[in-house]
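Visitor: Got a predicted structure plus its sequence, pasted below:
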Amino acid sequence: MNRLLRALGHVVGMYFAPDNQVMPVLRLGRYHRIVGPGVCWLIPLVDRPLPLIHTGFRVRDLVFSEVVTADNIPFSLHLTVIFAFDPESLPKALAAQQVQATDDALHAIIRDRTSQGLRRLVSTFTADKLSAKSAMSSIERDLAHFLRERLRPMGLTVQGTGSVLIKEVIAPEQFRRSMLDARQHESTLSVFGRIRDKDLMMRVIMAEFLTKLGERDGNLALLSPLDAMPSLRFLDEREGPT
């Protein structure tokens, strides 16, 4: 029944656009105007409607790889961009082109501009600073501003806070291992820095050394505990060669 009513309405030029959707209209084959949402009337045989355009907010999840930091470390970033398409904000000549763009074409524009802005912003941070909360907030804010400026001439709008959200920052595996090793060494050096007894420090170093040997070759792990090493002696400036 609904289809029949719509078909009868189209015969006399009556069309309907739902909320958050508008209808581009061609007049004698050329772009004429935007109508809707709601009921609208077109001149039969003179006006022709184009497919409806969604003007509400759209959410686009994007993943970018090989985004290079200031110290040339490539990261992968997963982020979300919230945007809308408003063809009525465009000059008529430009609107004539944009109203016929497919959703895939609009998404490609969003991806391209987001990639440009993101890579510029990430390149201002070193790898060790990139994952900090302050860095993420700065990139989200500045990227939203970049997109507003670049997308407005195409009828695409990005709102303020919250329109760009970085979900995940993925460091390369080698960089993650290096950072973990660096933190472990930092912790070890911090412990050594609190040891004033030189002989005790040497025992700790030797225990760590023997433990590593035991892990690789076996049979030496029992020598690693400090309490099991009372007979081990270490040369220092107070002892001569044996």
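Guide: Good, I have the coordinates.
Visitor: burial count for Asp112?
Guide: By other C-beta atoms under 10 Å, 10 other residues sit near Asp112. Every residue, glycine included, has its C-beta placed from N, CA and C.
Visitor: oh, I was asking about Met23
Guide: Neighbours of Met23 (other C-beta under 10 Å): 20.
Visitor: and the one helix or strand it maps to, what does it pack onto?
Guide: Taking DSSP states H and E as the definition, one finds Met23 inside strand 21-27. When contacts are defined as 3 or more C-beta pairs under 8 Å, 6 or more residues apart in numbering; DSSP states H and E, strand 21-27 packs onto strand 30-35, strand 47-49, strand 53-54.
Visitor: Strand partners (parallel or antiparallel) of the shortest one?
Guide: Take DSSP bridges as the rule and strand 53-54 pairs in its sheet with strand 21-27 (antiparallel).
Visitor: Show me what the strand holding Met23 is in contact with.
Guide: The contact list for strand 21-27 (C-beta atoms under 8 Å, 6 or more residues apart in numbering) reads 15, 17, 31-37, 40, 42-43, 46-50, 52-55, 87-88, 95, 99-100.
Visitor: Quick check: buried residues in it?
Guide: Burial within strand 21-27, assessed by neighbour count using 16 or more other C-beta atoms under 10 Å, is assigned to 22-26.
Visitor: got it, and stretch 68-82?
Guide: Per 16+ other C-beta under 10 Å, stretch 68-82 contains these buried residues: 69, 73, 75, 77, 79, 81-82.
Visitor: Same question for stretch 60-67.
Guide: Applying 16+ other C-beta under 10 Å to stretch 60-67 flags 62, 64, 67 as buried.
Visitor: and after the one helix or strand Ala93 maps to, which helix or strand comes next?
Guide: Counting by DSSP H and E, the element that carries Ala93 is helix 92-98. Next in sequence after helix 92-98, counting helices and strands by DSSP H and E, comes helix 103-122.
Visitor: which helices and strands sit right next to that following helix?
Guide: Packing partners of helix 103-122 (3+ C-beta pairs under 8 Å, 6+ apart): strand 58-68, strand 74-85, helix 133-151, strand 156-157.
Visitor: returning to what we had before: go through the buried residues of stretch 60-67 and name the one nearest Gln116.
Guide: Gln116 has its nearest neighbour among the buried residues of stretch 60-67 in Phe64, at 10.6 Å by C-beta to C-beta.
Visitor: Okay then, goodbye and thanks.
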